[in-house]
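1. no FASTA, just this:
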């Protein structure tokens, strides 16, 4: 039975649709959403399964071994804690929760159990490639990194209430964490065009990790003919440089050797992420994207907001 674990999709929007496609055939899916219509629709598209009217109903049955929480962030902490209390394996979409108080509550509830956080950037093949080049010394000692993605995105629905760095830029916070580890400090943060009491839509954040200085620029309000594609980021060392397309489509190395790579298979890492979640359910192997990394990434965002004079997200 555990060869095809029972997973309840909690929240049945666009992200859940994407995950369900990858889980289909590998898990016995069931569904719960505030909108019965969306739950029924995803159930039908996924080949059937139970639809639970209440979240508690999914938690009360032994048919469900794990939950995949893809609801808006303001519901994450409560649902994670409820699921942990019911003994379920938990996957929660990034961002894991809204503030430090919720992080502490989840940490208290989980004890030594893993919580899987759906940050696909930790699984991107481009991250593995960049990290390998760095570890091999292909550009020598790393001194600086600059990551940039700027495009127009309409923040509608629940996204309208949250900042671009918190909701989208956190992917690139994770990318930098995956390359260099969590920053030791957030040295500077500016939010161009930010209006008081409104969610930010453009951030420039400078962090430090020992001898590496990293600058992240992320924007939802910058026109882009290519819609954020074919923009470049870079990593500089004392023996060379890596330039990569910010989404990971290609990467060029010029250092102790030269290379041009196109790590396109599972470009966004979503397939590897789902495989890791299934392995967690089956064998309890700790996931790559876990509570600790999510806590580190959120702390970077929170410190950036504090450095820039922007209030932190509040709870439900």
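-> It's in. In this text, all values refer to a predicted model and were calculated from it rather than measured experimentally. Numbers count the residues shown, from 1 in each chain.

2. hmm, who's touching stretch 59-67?
-> The contact list for stretch 59-67 (Cβ atoms under 8 Å, 6 or more residues apart in numbering) reads 2, 5-8, 10, 28, 30, 50, 58, 79, 82-83, 86, 88-91, 277, 281. Where you see a C-beta, it was placed from the backbone N, CA and C, and this is true even at glycine.

3. what do you get if the cut-off is 10 Å, keeping everything else the same?
-> 1-2, 5-11, 27-30, 32, 49-50, 52, 54-55, 57-58, 79-80, 82-92, 116, 277-278, 280-282 (Cβ atoms under 10 Å, 6 or more residues apart in numbering).

4. Any idea how far apart the tips of that stretch sit?
-> Its start and end residues considered, stretch 59-67 measures 8 Å (Cα to Cα, to the nearest Å).

5. got it, and stretch 145-156?
-> Terminal residues of stretch 145-156 are spaced 32 Å apart (Cα to Cα).

6. sorry, back to before: just the contacts of stretch 59-67: which are in helices?
-> Of the contacts of stretch 59-67, the ones assigned to helices by DSSP state H are 55, 57-58, 79-80, 82-85, 277-278, 280-282.

7. what secondary structure does the residue lying closest to residue 297 once chain neighbours are set aside sit in?
-> Counting by Cβ to Cβ, 6 or more residues apart in numbering, residue 173 is the residue found nearest to residue 297 once chain neighbours are left out, at 4.7 Å. At residue 173 the chain is in helix, as set by DSSP: H, G, I helix; E, B strand; the rest coil.

8. give me the number of residues near residue 173?
-> 30 (other Cβ atoms under 10 Å).

9. same thing with residue 269?
-> Counted with other Cβ under 10 Å, residue 269 comes out at 22.

10. swap in residue 26?
-> Counted with other Cβ under 10 Å, residue 26 comes out at 14.

11. show me what contacts the residue nearest to residue 297?
-> Applying Cβ under 10 Å, 6+ apart, the residues contacting residue 173 are 94-95, 119, 121, 147, 165-166, 182-183, 205, 207, 214, 216, 218, 296-301, 304.

12. for residue 12, same thing?
-> Contacts of residue 12 (Cβ under 10 Å, 6+ apart): 20, 31-43, 45-46, 51, 70-71.

13. Please tell me how far the residue nearest to the spatial centre of the chain sits from residue 43.
-> Nearest to the geometric centre of the chain sits residue 119, at 2.6 Å (Cα atoms, centre = their mean). The gap separating residue 119 from residue 43 is 26 Å, by Cβ to Cβ, to the nearest Å.

14. how about the strands in the stretch 201-316 of the chain?
-> For the stretch 201-316 of the chain, the strands defined by DSSP state E, counting those that start in this stretch cover 202-209, 212-219, 232-237, 240-245, 251-254, 258-261.
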